[in-house]
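Trainee: My questions concern the predicted model and sequence given below.
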Amino acid sequence: MCGIIGYIGIEECYPIIMDGLRKMEYRGYDSYGIAVCENHKIELRKHVGKISEDGSKSIPGKMGIGHTRWATHGNVTEKNAHPHFDNKKDIAIVHNGIIENFSWLKKMLEKHGHKFRSDTDSEVIAHLIETYYKGDLEKAVYKAVGLLEGTYGILAIQMSEEKIVAARNGSPVVIGVSESGNIIASDVSAIVQKTKDIIYLKDGQMASVTKDNVRIMGRTFRKIENEIEKIEWDIKEIEKKGFKHFMLKEIMEQPESLQNTMLGRIKNDSIKLSTGLSKDFLQNMRRVVITACGTSWHAAIVGKYLIEKMCNIPVEVDYASEFRYRDPLIGKDDLVIVISQSGETADTLAALHEAKKKGVKTLGIVNVVGSTIARESENGIYIHAGPEIGVASTKAFTSQIISLILLALSINQELGKNVDEELLKSLKSIPEKISSVLETSAGIRNVAEYFYNHPNALYLGRGINFPVALEGALKLKEISYIHAEGYPAAEMKHGPIALVDEKMPVVFIANKNGESYKKIMSNMQEIKARNGVIITIATEGDEEIKKISDHVIYVPKCREELMPIINTIPLQLLAYHIADLKGLDPDKPKNLAKSVTVE
Ligand code: AGP
């Protein structure tokens, strides 16, 4: 959840580290800090608040480390911000992850005279390294991490050594290699400004990085070679391009991101999706289990409706955090799909490990290229939505749904079933349809003006649009702090209806072409009878719906399988405009972080 970065090279490190921290601020933004080493002295600076508001002077030096924090242990204070020193202030570290045995380690170190300055779990790492330091930072880090339980991406410097030592277990560490120096970070976005040549550190590995060399070591401390990979990111992709917020930019980008998800995958009315799943396996496949967290979990529920309907295969959906602990009943004829935008979510990664441990075939649907889940899934589909910086997931969700549709189509194709040509045609038209929904943004802002000072809201949908209701409610609560619940529309009668009165906005997803249109109209009547205020996402041309709705947002007609994509766009815009009207920053909602790498 935190972002870590280090630079060593021929340039001044401060601006490079600060720029990297700004790029990674979406990982955590309650406090930040930087340590720079020059002339055998480490200067440390820490701040509470946002890096974008930083006005401090730079520190001279060509080697340093930095950190942007999402608090896990200890309040948001300057003393708890990283980097952390050892006792003597010779060693400084930054850490992303959680050290589970830190209290035990802390007690042990305190008995040996170590004095702690923070309430964090991370500080023990600096003191442990100090304990083992005998003039060789690599060896000291190696011995220290041997005692750590939990997850970590660590960077360490020592005042007399011209190197940064990195270690990884469960939290990402990537190294960018360039002629003017090397950058190590938890995120490619912090590196791409300098270089596109990347080395991914694997779990259990360490790296010793000097200004002109990178040495990787495996679990036994022996030197090993990791390939240098070229990333295709462009720095422009992680800039706001004139939009007020990343979230708005990412919502508006969806015609293009969806196009990219489909690029090269639909050719001459057939699907070209290389999933790695063999015909043999698919013929005997008994069941699909999809597991994920948050928005990706909502995409998983859409996937259940899609795959069951299109392929006639039973699908179960589980929260990754439940799946990983409940000893799931899965076997060799099952396919476990894990969905993750970041590819680093701790619970989703653990669910993947659980499935692999049980010998079950796995498939990852991931956005971030080279992320841990992408690398560890046996088979996979990249959604190619491009970097998603806004903490609230938007374009990744719609690309995940398209990927699930392509997967269902490719399973059918592989099994010799007729390809649904009409659906293929609709898929090709989706970017254009999304563009037309995006044009209604101004009208959606008017609805937001009514909505934004209400404390609660209900989102209701049926069938394949039930997860859309869940996603609409999640978007709203994440960035506007309005309490919102998503429900299957009929379920509303079994409890939530007690909350409905003239102060309760109720958002309905009620497409005329949907199978359940008539049923949802009855649910709308039930809300109206209790004076609830109805906001409806309806199909263009549906004049009838105006009679019962207080506000209508029209979306174009489309195949039912694609409606969750079309319907989600206005809900993303609604949440965005509400947060903006409340003067909130939707890119950095309180208490949240983009990549949840802790359990
Ligand atoms: C989405 O808006 C959230 N910020 C969050 O629920 C997110 O979807 C979840 O943490 C899963 O992330 P992942 O897709 O990167 O695994």
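Mentor: It's in.

Trainee: Can you show me the CA trace of stretch 237-255 as PDB?
Mentor: Taking C-alpha atoms only, stretch 237-255 is exported to PDB below (Å, rounded to 0.1, in the frame of the first residue of the first chain):
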ATOM      1  CA  GLU A 237      -0.200   7.800 -19.700                       C
ATOM      2  CA  ILE A 238       0.300   8.700 -16.100                       C
ATOM      3  CA  GLU A 239      -0.400  12.400 -16.400                       C
ATOM      4  CA  LYS A 240      -3.700  14.200 -16.100                       C
ATOM      5  CA  LYS A 241      -3.800  15.500 -19.700                       C
ATOM      6  CA  GLY A 242      -5.700  18.600 -18.700                       C
ATOM      7  CA  PHE A 243      -8.400  16.800 -16.700                       C
ATOM      8  CA  LYS A 244      -9.100  18.100 -13.200                       C
ATOM      9  CA  HIS A 245      -8.600  14.600 -11.700                       C
ATOM     10  CA  PHE A 246      -7.100  11.300 -12.800                       C
ATOM     11  CA  MET A 247     -10.500   9.700 -12.000                       C
ATOM     12  CA  LEU A 248     -12.300  11.900 -14.500                       C
ATOM     13  CA  LYS A 249      -9.500  11.300 -17.100                       C
ATOM     14  CA  GLU A 250      -9.800   7.600 -16.600                       C
ATOM     15  CA  ILE A 251     -13.600   7.600 -16.900                       C
ATOM     16  CA  MET A 252     -13.300   9.600 -20.100                       C
ATOM     17  CA  GLU A 253     -10.700   7.300 -21.500                       C
ATOM     18  CA  GLN A 254     -13.000   4.300 -21.600                       C
ATOM     19  CA  PRO A 255     -13.800   4.300 -25.300                       C
END
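
Trainee: What is the burial count for Asn367?
Mentor: 28 (other Cβ atoms under 10 Å). For the C-beta atoms, the positions are set from N, CA and C on the backbone; glycine is no exception.

Trainee: and the closest residue to it other than its chain neighbours, what does it touch?
Mentor: Among residues not flanking Asn367 along the chain, Gln341 sits closest, at 4.6 Å (Cβ to Cβ, 6 or more residues apart in numbering). Going by Cβ atoms under 8 Å, 6 or more residues apart in numbering, Gln341 touches 295-296, 366-368, 383, 385, 388, 393, 396, 400.

Trainee: How about residues contacting stretch 404-412?
Mentor: 261-262, 265-266, 271, 273, 275, 277, 282, 299, 302-303, 306-307, 310-311, 313, 363, 365, 381, 418-420, 423-424, 427, 561-562.

Trainee: how about a cut-off of 7 Å?
Mentor: The contact list for stretch 404-412 (Cβ atoms under 7 Å, 6 or more residues apart in numbering) reads 265, 271, 273, 275, 282, 299, 302-303, 306-307, 310-311, 381, 419-420, 427, 561.

Trainee: swap in stretch 534-548?
Mentor: Stretch 534-548 is contacted by residues 447, 505-513, 524-525, 527-528, 549-557, 567, 570 when judged by Cβ under 7 Å, 6+ apart.

Trainee: Domains of the protein: list them as residue ranges, please.
Mentor: Taking automatic domain parsing as the domain assignment, the ranges for the chain are 3-231, 242-437, 440-586.
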